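Peer 1: with the input below, show me the fold.
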Amino acid sequence: MRSSAFLVLLAACLSFAACAPAIRRAASDGRTADVLKELDRGAKIDAPLDGWGETALGAAARNGRLDTMKALLDRGADPNASAGDAMHGAAYAGQIEALRLLLDRGGDINLPDDGPGATPVMDAASSGKLDALKFLAERGADLNARNKYNGTVIALAAYFGHAEMVRYLLSKGVDAEISWGQQGTPVEAAEKQGHPEIAAMIREELTRRKPAAPAAGLDAESVRRIVEQAVQAAKPGTPAVQAAAPERPSYRLAEDPANYAVVVGIEKYPDLPDARFAENDARAMREHLLALGFPSRNIALLTGTQASRAALVKNLEAWLARNVGEKSTVAFYYSGHGAPDLKTGDAYLVPADGDPAYLEETGYPLKRLYQKLNALPAARLIVMLDSCFSGTGERSVVPKGTRPLVPRVSLGGPGRITVLAASQADQASGAYEEGAHGLFTYFLLKGLDGAAGPAVTAGALHDYLTPKVRDEAKRANRDQTPQLQGDPGMRLR
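Peer 2: Numbering: from 1, shown residues only. Modelled structure (predicted):
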């Protein structure tokens, strides 16, 4: 009896390939002519062909059959069909060229699958395909994405024991403290699966990220600084030390699938001074956008080298244009260097690969940003800029060997967009050491979390921000006054 049952099961397993649709077998093998014949016979190009939802395009992508993929795409195959099956299969299998082709043809880099809600970069993390994960990261994949069970990219890499991948993700500054259901934090997941070296690596990085505790003993210089700070704090009009900025929002609005955001934070530049805390700014802003109802899959987070000029163009000019609808709220946040064109006075965002000596070729013009956003059919548009364009200050740069003397910096007209900017056109903006954020972003986060009042509008945020930022900037011996352009009544929460 047992033997008969085994033979029946074996026969069923052996016959599975023969039962599978012919188009799937042809796509898997890269037999393009046979795939096209099946389509001509009436096969549905985007139909799921098995219980896992794999499409013909997915079968070709998983096996790296580029010619077959191109033929299917030319026939109208949807790269996002069946919850992005093709992207997921290519990522899991580490098929980088297949991923490149899918993205170039409109594949959604952060589309969750219809199972646990994993994104393609999570598939690469699960299978240990580091090169594929790096490629997706460079193309703008959200390395802090979460699945339906709160699992993260680094948690999956730690769980499956991919040490080099964990090291890479830590170098990108991903959040390594999010708890993944019963598996716990990435440290706990690694320990449960018998990867103590990975757990130790994550612990070491988390310790490094935390501010060092003060030493028990105080030397004379430390005592002098403490006394000076106490005297300064006792002076009339000196503001009290601010509470920490709310990295984790205390509020949560209902998710609106129509909303989209692009969030950019660039701290390290190859040949430019650091824009301190910019990546911390961007990660915190993403958390607040999630709390404001923006779905995780609809937030493109670009940090570090991911925030290239090409990535800005792709996300601002292609991804948003393909997805934004008439009911959408679109948000753009930028923390990093700005720069003025010394000839025209036009303001530019400086991408991770930007060069202030070649702004026209490597920068992203603020006027172009406004033009592209205004062209969207969105109901509401908001831009938040923690940067400056005067050529002075911590978050503005000019070419080496030149002086930051620009008669008038042109920020352009925002049109339908509501803009909250860190400073006036001729001012510098900078970091806030005590808050480990840009000064503007620090108080922007506090305002969003409720400090600006029960009804958080753009005007209320500006009214709250302006005196706070101005006063702290004066303490640092500089002028910085946030500006608001557009609709002060735009309500964020």
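
Peer 1: quick check: Ile190 touching Tyr159?
Peer 2: For the record, residue 190 is Ala, not Ile. Yes: the criterion here is CB atoms under 8 Å, and Ala190 meets it with Tyr159 at 6.9 Å. All C-beta spots, glycine's among them, are computed from the backbone N, C-alpha and C.

Peer 1: any idea which element Leu373 lies in?
Peer 2: When elements are assigned from DSSP states H and E, Leu373 belongs to helix 366-374.

Peer 1: Ala190 and Tyr159: which is more packed in?
Peer 2: Higher neighbour count among Ala190 and Tyr159: Ala190, with 29 against 21, using other CB atoms under 10 Å.

Peer 1: you'd agree that one is in a helix?
Peer 2: Yes: counting by DSSP: H, G, I helix; E, B strand; the rest coil, Ala190 is located in a helix.

Peer 1: got the contact list for it?
Peer 2: Ala158, Tyr159, Gly161, Val166, Pro196, Ile198, Ala199, Ile202 (CB atoms under 8 Å, 6 or more residues apart in numbering).

Peer 1: with Val35 instead?
Peer 2: Residues counted as contacts of Val35 (CB under 8 Å, 6+ apart) are Ile23, Ala26, Ala27, Ala56, Ala60, Thr68, Ala71, Leu72.

Peer 1: which of the contacts of Ala190 are buried?
Peer 2: Ala158, Tyr159, Val166, Ile198, Ala199, Ile202 (16 or more other CB atoms under 10 Å).

Peer 1: now, the residues you listed that are in helices?
Peer 2: Ala158, Tyr159, Val166, Ile198, Ala199, Ile202 (DSSP state H).

Peer 1: and which of those residues is nearest Ala318?
Peer 2: Val166 (31.4 Å; CB to CB).

Peer 1: from Ala422, how far out is that closest one?
Peer 2: 34 Å (CB to CB, to the nearest Å).

Peer 1: same question for Gln183.
Peer 2: 39 Å.

Peer 1: so between the two, which is more surrounded?
Peer 2: Ala422 (30 against 19).

Peer 1: the more buried one contacts Gln480, correct?
Peer 2: Yes: contact criterion CB under 8 Å: Ala422 and Gln480 qualify, at 6.9 Å.

Peer 1: so what sits against both of these two?
Peer 2: Common neighbours of Ala422 and Gln480 (CB under 8 Å, 6+ apart) are Ser429, Leu439, Phe440, Val469.

Peer 1: neighbours around the second one, how many?
Peer 2: In terms of burial, Leu439 registers 30 neighbours under the definition other CB under 10 Å.

Peer 1: how close does it get to Ser328?
Peer 2: For Leu439 relative to Ser328 (CB to CB), the value is 30 Å.

Peer 1: same for the helix or strand harbouring Ala27, what does it pack against?
Peer 2: Assessed by DSSP H and E, Ala27 sits inside helix 22-29. Counting contacts by 3 or more CB pairs under 8 Å, 6 or more residues apart in numbering; DSSP states H and E, helix 22-29 packs against helix 32-40, helix 56-62, helix 66-74.

Peer 1: the same query, at a cut-off of 10 Å, please.
Peer 2: If contacts are counted by 3 or more CB pairs under 10 Å, 6 or more residues apart in numbering; DSSP states H and E, helix 22-29 sits against helix 2-19, helix 32-40, helix 56-62, helix 66-74.

Peer 1: who's in contact with it?
Peer 2: Helix 22-29 is contacted from outside by 17-18, 20-21, 31-39, 41, 43-45, 47-50, 54-63, 65, 68-69, 71-72, using CB atoms under 10 Å, 6 or more residues apart in numbering.

Peer 1: return the distance of it from the chain's centre.
Peer 2: Centre-to-centre, helix 22-29 and its host chain are 36 Å apart (CA atoms, centre = their mean, to the nearest Å).

Peer 1: please renumber the chain so that the first residue is 766 from this point on.
Peer 2: With 766 as the first residue, the last one maps to helix 787-794.

Peer 1: and it, what's buried?
Peer 2: Those would be Ala787, Ile788, Arg789, Arg790, Ala791, Ala792, Ser793, for helix 787-794 by 16+ other CB under 10 Å.

Peer 1: same deal with stretch 1135-1147?
Peer 2: Tyr1135, Lys1137, Leu1138, Leu1141, Ala1143, Arg1145, Leu1146, Ile1147.

Peer 1: residue contacts, the nearest residue to Ser944 once chain neighbours are set aside?
Peer 2: Sequence neighbours aside, Thr950 is the residue nearest to Ser944 in space, at 5.3 Å (criterion: CB to CB, 6 or more residues apart in numbering). Taking CB under 10 Å, 6+ apart as the contact definition, Thr950 lies against Thr917, Ile919, Ala920, Ala923, Ala941, Glu942, Ile943, Ser944, Glu956, Ala964, Ile967, Leu971.

Peer 1: how close does Thr950 sit to Lys899?
Peer 2: 24 Å.

Peer 1: also Val918?
Peer 2: Applying CB to CB, the value for Val918 to Lys899 is 12 Å.

Peer 1: most centrally placed residue in this protein?
Peer 2: Leu1066 (0.9 Å; CA atoms, centre = their mean).

Peer 1: including pLDDT, could the buried residues of helix 787-794 go into CSV?
Peer 2: Listed next are those as CSV, based on pLDDT from 0 to 100:
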residue, pLDDT
Ala787, 90
Ile788, 92
Arg789, 88
Arg790, 92
Ala791, 94
Ala792, 93
Ser793, 93
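
Peer 1: is it possible to get those out as JSON lines so that each row also shows distance to Lys894?
Peer 2: Output for those, formatted as JSON lines (distance: CB to CB, whole Å):
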{"residue": "Ala787", "distance to Lys894": "29"}
{"residue": "Ile788", "distance to Lys894": "26"}
{"residue": "Arg789", "distance to Lys894": "22"}
{"residue": "Arg790", "distance to Lys894": "24"}
{"residue": "Ala791", "distance to Lys894": "25"}
{"residue": "Ala792", "distance to Lys894": "21"}
{"residue": "Ser793", "distance to Lys894": "19"}
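
Peer 1: appreciated, that's everything.
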